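>>> Provide a 3D model corresponding to the input given below.
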Amino acid sequence: MPLLIHNIVVLLHNKRTFLLEIMTNFDKRKLVELVLYILNKTNGLDYYHVFKIIYFANISHLAKYGLRITTDDFCALPDGPVPSSLYDSIKKNRFCDKELGEMINKAIIKGNDDAEYFLLASRTANLDYLSETEIEELDKSIKENATMHYNDLKEKSHGREWNRAFNSSGRKVMDVVGMARDAAASEAMIEYITEELELEEFLA
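Sure thing, here's the model as predicted:
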């Protein structure tokens, strides 16, 4: 029972229950390949921009196809959304996912001293983990966000769902449907995403 409680967290929002699941091994490996792809394309980048590139690619893919690129929960931090498990692993926070942290350490090189925030890839990304549509959205997000000034990127990422989550109590997890709305998903797509989330919850 304690393990079940540890692995499944239930949040109530808008009278609806959202199930947050622990990431699978595949999810973690894919997340690492996402980061490597971005670092390969940019020849290295600070993790703030990496997080935002992933965020905007993720919500754009969600709005277009009804599918997330990553299952990592996005949390609303003061400087904008971050993929929480990836953030904790790169920052080596106390309660970070140990398995993901080991994967990150093997695949990514951090800068030294004052440049610790800068990331370099230690290998080429395995594209078997990424679909053509995911690569398309990542390329678009890299082009739009990789060189954007910090303050401009921060302002851009403070959408309605970020604002709701940031001003909520608790873990400040951003809602998948809310992120899709911020990316201008159609009502038909919102309905599809909602049904898929309910199905995921039922099957979990």
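>>> Regarding residue 120, what is its secondary structure?
Put simply, residue 120 is strand when judged by DSSP: H, G, I helix; E, B strand; the rest coil.
>>> wait, it sits on residue 109?
Yes: counting by CB atoms under 8 Å, residue 120 does reach residue 109; the two are 4.3 Å apart. (Glycine included, C-beta is placed from N, CA and C.)
>>> Next, the contact list for the residue at minimal distance from the centre of the chain, please.
In the chain, the C-alpha nearest the mean C-alpha coordinate belongs to residue 83, at 3.5 Å (CA atoms, centre = their mean). Residues in contact with residue 83 (CB atoms under 8 Å, 6 or more residues apart in numbering) are 31, 51, 54-55, 70, 72-74.
>>> From residue 158, how far out is the closest residue in space to residue 78 that isn't next to it in sequence?
With CB to CB, 6 or more residues apart in numbering as the criterion, residue 78 has its nearest non-adjacent residue at 7.5 Å, and that residue is residue 166. According to CB to CB, to the nearest Å, residue 166 and residue 158 sit 8 Å apart.
>>> what does residue 148 give?
Taken as CB to CB, the span from residue 148 to residue 158 is 14 Å.
>>> Also residue 59?
13 Å.
>>> Pick out whichever of those two has more residues nearby.
Just comparing residue 59 and residue 158: by other CB atoms under 10 Å the higher neighbour count belongs to residue 59, 29 against 16.
>>> Now do the helix or strand harbouring residue 103, average pLDDT.
Element membership of residue 103 [criterion: DSSP states H and E] is helix 98-107. The average pLDDT for helix 98-107 rounds to 95.
>>> ok, and the helix or strand in the protein with the lowest average confidence?
Least confident helix or strand, the chain: strand 8-13 with a mean of 32, by mean pLDDT, DSSP states H and E.
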